[in-house]
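Student: coordinates for the following, if possible.
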Amino acid sequence: MSSQPNPLVTQELAARPSSASYDGHEGDDEEKANSIDKAGLDGTLTSDQIGVAKVEVFNKVLYGSGRSGKILLWALAVSIGLTMFVYALDQGITTTILTPWATSSFGQHANLAAVSTASTIIRAISKPFLGKMADITSRPTTYVFVLLFYIIGFVVAASAHDFTSYTVGVSFTAIGKSGLDLLSDIIVGDLTPLQWRGFFSAILSLPFLVTVPINGFIIEGLNDDWRWGMGMFAIMIPILLTPAIVTLYYMQHKGKKLGMVTMADKNKEAPVRDADARTYYRLFRNALIEIDFPGLILLGFAFALILLPFTLRKSAAGGWKNPSIIAMLIVGFVILGIFVLFEIYVAPKPLMTRRILRNRAFLAAVVIDIFNQCSSSVRNTYFYSYISVIKPWSDYTLTIFIGVTTMGLCLLGPFTGLIQRYSHRYKTLMLVGAGGKLIGYGLLVVAGANTMTTETGRLLASQLMFCLGSFSVVGARVGSQASVPHDDLATVISLLALWSTLGSSVGAAIASAIWTDKMQAQLALELPNTPAATIKKLYGSITVIQGYSFDSEIRQGVIRAYSKVSGLLAITAVCLAVIPLLATLFMPDYHLGKQQNAVEGKGLDGSIVVPPARAEERADGQNRRWYHTLRDLYRR
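Tutor: As a prediction, this is how the structure comes out:
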């Protein structure tokens, strides 16, 4: 492209300190050389630097243009709020409730985890792709792309006549879910300083406070008609996403009128209308390289081939001895090995660059999020089914009970952000959150019997303890983002989401392996006088179980079987939840100030921000004690 560089962008870049190193390690010269954008500014600036500088200019316009800037901020906040309202409705209804109904209607309830595994792998792999798409096109264009996948997915799922076509539809909607939460996180990361990052990131979850009670009424109104539930989302989502798309397109238009390329136009120096076909081809090719598209495909296939046998082996002839199951596992691990070799020796832009692999804060956050998601998925995959079987509650009561943790997390999230704002720290809160989740899982287990509790009080107490997980989630997010230059913000958000989502898929596979291996045999053990055909129907559908009166012999036998198998899931979750607690000890405790990150010392507009000297550091000076050294080790 032949366009002159924006002088304000160039000026901002000239004032920026070098980000060649962070977290105490030198940057990789080869990686820096490979990141040069040949199409930009005569190859003198990296595309990431250009993009970040444009975001900084955009922030200056937003926060420095008086009344019009405030109106634009409010419009942006409202539009993002509506997109998260869509996300909250989707998560609270389709994932938690409609999918168990749908799989039961096909007699495939035991394969619930297979749907979860497939959709979460797709969500994980699509995140880096969608993040880069938002860079080379724009935020609103990516929202349009997400909207199309949502509509297609819900239409296919609602009209599905078998389990396979339903799974295909749900997989399409997974891309939509991936795009909504990723885009929202990136926008918040761009527009907020560290001291407010946790608060505004948590604000994104507030729509769940509204949708959880609403979901109860919707579910009661649907009365097991999951097809209409899926179909109504194909109508609602375009309506609720349109304000965000319109607002962001207007912001893009206004930015161009002000002589700047707007937020997310990272790889463009001129508006799209000035680009020719070769430019689009070059942008597309560079985007595939930057997101490491071959690596993502290899990783997706590897996880799919390794995890799906855990959910499919029970229905396969011979189980683990089935040749197809064995072949899937072998090929999966071979592809995983190829992925590792490709990343080390071949990939021009590997998913995990050496400077990110040296970043202790990011690695600790990855471990924390992977095992948090894994343990949660082990417990959550069949939890709605468990509660619906052991309690004679209405659909509304069931929905509200399942949503208690969600509402608690949403209420505690902004509170966590406020604590971070005024304490300027996050690590201690993370330890409290990890410990609270561990206790929550422990409350589910009946000591000695190793079953999952059926007591309403303990179940509710466990749900409430899980709310403390907000301390860990918000802290890991802020800490990882604080540990990298602005250039790497979108990359770190995408990678953290990638690995945590894959952790969720591993958890679903573990849950499926336990459930499919134990449940049918446990039902037969608890109901010795029940015909095998009836046992098979009970195993395949929770709606069949709910058809029996609560005090009947069959229903009580099913409750005992569910409690025993779910106890194994709870014990597994307890073991997995220990790891985030330990990993938190390795997390640095950065000071959260007015800077965009803790590495470069810059504000949102690119100006230098020097964090105020902390009172304890001034007091230490000449009279340092042993506990000062321990405190510094804890924070380092």
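
Student: contacting residues for G300?
Tutor: I121, I122, A124, I125 (CB atoms under 8 Å, 6 or more residues apart in numbering). C-beta here means a position set from N, CA and C on the backbone, and glycine is covered the same way.

Student: same thing with G169?
Tutor: I152, G153, F154, V155, V156, A157, A158, A160, M230 are the contacts of G169 under CB under 8 Å, 6+ apart.

Student: what residue ranges in the protein score low on pLDDT?
Tutor: 1-69, 113, 135-138, 252-277, 280, 314-315, 487, 602-607, 609-624, 626-628 (pLDDT under 70).

Student: the residue lying closest to L444 once chain neighbours are set aside: how many residues sit nearby?
Tutor: Spatial nearest neighbour of L444, chain neighbours left out: A570 (4.1 Å); criterion: CB to CB, 6 or more residues apart in numbering. By other CB atoms under 10 Å, 25 other residues sit near A570.

Student: related to what we said a few turns ago, would CSV of the contacts of G169 with neighbour count be doable?
Tutor: Output for those, formatted as CSV (neighbours: other CB atoms under 10 Å):
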residue, neighbour count
I152, 17
G153, 26
F154, 26
V155, 16
V156, 20
A157, 28
A158, 20
A160, 21
M230, 27
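
Student: and F342, how many neighbours does it have?
Tutor: Neighbours of F342 using other CB under 10 Å come to 17.

Student: how close does H161 get to V484?
Tutor: Look at H161 and V484: by CB to CB, to the nearest Å, they are 48 Å apart.

Student: equivalent analysis for V404, please.
Tutor: 35 Å.

Student: who has more neighbours, those two?
Tutor: Higher neighbour count among V404 and V484: V484, with 24 against 17, using other CB under 10 Å.

Student: what residues of stretch 292-308 count as buried?
Tutor: 292-293, 295-296, 298-308 (16 or more other CB atoms under 10 Å).

Student: may I have that stretch exported as PDB, CA atoms only?
Tutor: Coordinates of the C-alpha atoms in stretch 292-308 are reproduced here as PDB (Å, rounded to 0.1, in the frame of the first residue of the first chain):
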ATOM      1  CA  ASP A 292       0.200 -20.200  13.300                       C
ATOM      2  CA  PHE A 293      -2.700 -21.700  11.400                       C
ATOM      3  CA  PRO A 294      -1.000 -25.100  10.600                       C
ATOM      4  CA  GLY A 295      -0.100 -25.400  14.300                       C
ATOM      5  CA  LEU A 296      -3.600 -24.700  15.400                       C
ATOM      6  CA  ILE A 297      -5.000 -27.300  13.000                       C
ATOM      7  CA  LEU A 298      -2.500 -29.900  14.300                       C
ATOM      8  CA  LEU A 299      -3.300 -29.000  17.900                       C
ATOM      9  CA  GLY A 300      -7.000 -29.300  17.300                       C
ATOM     10  CA  PHE A 301      -6.800 -32.700  15.600                       C
ATOM     11  CA  ALA A 302      -4.400 -34.000  18.300                       C
ATOM     12  CA  PHE A 303      -6.800 -33.000  21.200                       C
ATOM     13  CA  ALA A 304      -9.800 -34.300  19.300                       C
ATOM     14  CA  LEU A 305      -8.300 -37.700  18.500                       C
ATOM     15  CA  ILE A 306      -6.900 -38.100  22.100                       C
ATOM     16  CA  LEU A 307     -10.000 -36.900  24.000                       C
ATOM     17  CA  LEU A 308     -13.000 -38.200  21.900                       C
END
